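Peer 1: Quick one: sequence plus predicted model below, questions after.
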Amino acid sequence: MNDSARRTFLLRKGAEVAKKLEDLLAHKEVDLSQGILGSAVPDHDDALRLRRFLELIDRRIKAARFGRCTVCEERLPEATLDETPWLERADIGLGCRIALSLRNALNLRGPSLAATNA
Ligand SMILES: [Zn+2]
């Protein structure tokens, strides 16, 4: 898949997630067991989970540097991008660690380290 196809995939995914959120808010039965970021936790706020996923998808569609880690700007693995094009960073590698410690040293704001992996 190339990046253009991945953006199309993201748009479709966004529409799918938006529909699930709409159904959930209309108290319809919604299957969140597959293809939705985050895990199904009893008593967890499913609407919040869907909203966060939508925001992430939206950020990635608009990202100028699609397919690159938002921390160190290294290209993310192609296979990972095919499966989860909404990913914002790979598992923290050396490039990320250096970028993060530089950021911390300079006290700059950057993406949080909250897990964004599926
Ligand atoms: Zn990185």
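Peer 2: Received, thanks. For clarity, every value in this text was computed on a predicted model and none was experimentally measured.
Peer 1: Please put the alpha-carbon coordinates of the longest helix seen in the chain into CSV.
Peer 2: In the chain, taking DSSP state H as the definition, the longest helix is helix 3-25. What follows is helix 3-25, C-alpha atoms only, in CSV (Å, rounded to 0.1, in the frame of the first residue of the first chain):
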residue,chain,number,x,y,z
ASP,A,3,0.6,6.5,1.5
SER,A,4,-2.2,7.7,-0.8
ALA,A,5,-4.0,4.3,-0.3
ARG,A,6,-3.3,4.5,3.4
ARG,A,7,-5.0,7.9,3.6
THR,A,8,-8.0,6.5,1.8
PHE,A,9,-8.0,3.6,4.3
LEU,A,10,-7.9,6.2,7.1
LEU,A,11,-10.8,8.1,5.7
ARG,A,12,-12.9,4.9,5.5
LYS,A,13,-11.9,3.9,9.0
GLY,A,14,-12.9,7.4,10.2
ALA,A,15,-16.3,7.0,8.6
GLU,A,16,-16.7,3.5,10.2
VAL,A,17,-15.7,4.8,13.6
ALA,A,18,-18.0,7.8,13.3
LYS,A,19,-20.9,5.5,12.4
LYS,A,20,-20.2,3.3,15.5
LEU,A,21,-20.1,6.4,17.7
GLU,A,22,-23.4,7.6,16.2
ASP,A,23,-25.0,4.1,16.8
LEU,A,24,-23.6,3.9,20.3
LEU,A,25,-25.0,7.3,21.2
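Peer 1: as a whole number, average confidence for it?
Peer 2: The average pLDDT within helix 3-25 is 95.
Peer 1: Can you give the distance of it from its chain's centre?
Peer 2: Relative to the chain's own centre, helix 3-25 is displaced by 12 Å; criterion: CA atoms, centre = their mean, to the nearest Å.
Peer 1: got the buried residues for the next helix or strand after that helix?
Peer 2: Downstream of helix 3-25, the first helix or strand assigned by DSSP states H and E is helix 46-62. Residues 46, 49-50, 52-54, 56-57, 60-61 are the ones in helix 46-62 that count as buried (16 or more other CB atoms under 10 Å). For every residue, glycine as well, the C-beta is placed using N, CA and C.
Peer 1: Good, we can wrap up now.
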